[in-house]
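> No letters, just coordinates:
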């Protein structure tokens with residue numbers, strides 16, 4: 001089984017991702033959704049977080065450019081960035097959602113040098129806004145963002161459009177389509193329920 005398929009099932013197993021075609025969750029934004037994702041739970045499962053690190057390393061091997069620095073998006077991207085940076089023996093920084101309100105008022109913590117190639121790590125891509133803002137903060141410091149990696153994406157068209165507009169490549173280990181397909185294969189979801197879920201995602205504005 002491919003690692004992305006394994007991780008899709010792992011996320012479902014630990015309930016980091018929950019899908020319910022009949023009773024929708026409410027996101028912070030107010031959107032009613034049949035899926036809820038909390039990848040922070042992966043921190044508590046060493047065998048899963050190790051798989052995530054291995055998957056990120058495999059993805060890095062496919063990049064034309066290799067990172068000098070790993071950057072974690074606050075807050076849920078930070079631990080995965082740290083494990084990845086440690087495995088690769090690379091420097092790490094993390095990016096706050098906004099500059100700190102006291103002290104040096106840093107938005108980026110850690111040492112970042114002009115011209116360094118940076119890989120941004122996020123836990124989840126929904127619309128892509130937080131990862132793109134983190135990348136822009138790094139670019140303002142004259143770093144070169146080579147890509148954004150995340151564990152999971154809903155596959156929203158809005159996210160794809162925003163990354164295209166920002167001229168930022170991104171990739172994820174697994175995604176919404178792989179999750180629902182795994183549930184169908186495991187007979188935990190019917191084909192009609194799958195189509196309903198895919199339809200919800202494709203029609204979300």
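Right, received. Where do you want to start? Values in this document were obtained by computation on a predicted structure and should not be read as measured data.
> Can you give me the distance of the residue lying closest to residue 132 once chain neighbours are set aside to residue 133?
Spatially, and ignoring its direct neighbours in sequence, residue 132 is nearest to residue 166 (4.9 Å; Cβ to Cβ, 6 or more residues apart in numbering). C-beta here means a position set from N, CA and C on the backbone, and glycine is covered the same way. For residue 166, the distance to residue 133 (Cβ to Cβ, to the nearest Å) stands at 10 Å.
> before we move on, the earlier item: neighbours of the residue nearest to residue 132, how many?
18 (other Cβ atoms under 10 Å).
> so what's it scoring on pLDDT?
For residue 166, the pLDDT comes out at 97.
> who touches it in this structure?
132, 135, 136 (Cβ atoms under 8 Å, 6 or more residues apart in numbering).
> Just the buried ones out of these, please.
Buried subset of the contacts of residue 166 (neighbour count, 16 or more other Cβ atoms under 10 Å): 132, 135.
> Using TSV, lay out the contacts of residue 166 together with pLDDT.
Output for the contacts of residue 166, formatted as TSV (pLDDT from 0 to 100):
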residue	pLDDT
132	97
135	98
136	97
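> out of the contacts of residue 166, which are inside helices?
The helices, defined by DSSP state H, take in 132, 135, 136 from the contacts of residue 166.
> Closest to residue 188 out of those residues?
Using Cβ to Cβ, residue 132 comes nearest to residue 188 of these, at 33.7 Å.
> Next up, the contacts around the residue nearest to the spatial centre of the chain.
What sits nearest the mean C-alpha location of the chain, by Cα atoms, centre = their mean, is residue 150, with 2.4 Å. Taking Cβ under 8 Å, 6+ apart, we find residue 150 in contact with 77, 121, 122, 123, 124, 125, 131, 170, 171, 172, 173.
> ok, how many other residues are close to the fifth one?
This points to residue 124. 21.
> Equivalent analysis for the fourth one, please.
The number of residues packed around residue 123, counting by other Cβ under 10 Å, is 26.
> Tell me which strands the host helix or strand of it pairs with, and in which orientation.
Per DSSP states H and E, residue 123 falls inside strand 117-125. According to DSSP bridges, strand 117-125 forms sheet pairs with strand 69-73 (parallel), strand 144-153 (parallel).
> From the contacts of residue 150, list the buried ones, please.
Buried among the contacts of residue 150 by 16+ other Cβ under 10 Å: 77, 121, 122, 123, 124, 125, 131, 170, 172, 173.
> Among the contacts of residue 166, which one sits closest to residue 89?
residue 135 (23.3 Å).
> so that closest one touches residue 119, yeah?
No. Counting by Cβ atoms under 8 Å, residue 135 stays clear of residue 119, with 10.2 Å between them.
> intersection of neighbour lists for these two?
By Cβ under 8 Å, 6+ apart, the residues touching both residue 135 and residue 119 are 145, 148.
> ok, and for stretch 61-72, which residues are buried?
Under 16+ other Cβ under 10 Å, the buried positions of stretch 61-72 are 67, 68, 69, 70, 71, 72.
> Same list (those residues) but as CSV, adding distance to residue 14 and pLDDT.
As requested, the buried residues of stretch 61-72 are exported to CSV (distance: Cβ to Cβ, whole Å; pLDDT from 0 to 100):
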residue, distance to residue 14, pLDDT
67, 28, 98
68, 33, 98
69, 30, 98
70, 24, 98
71, 26, 98
72, 21, 98
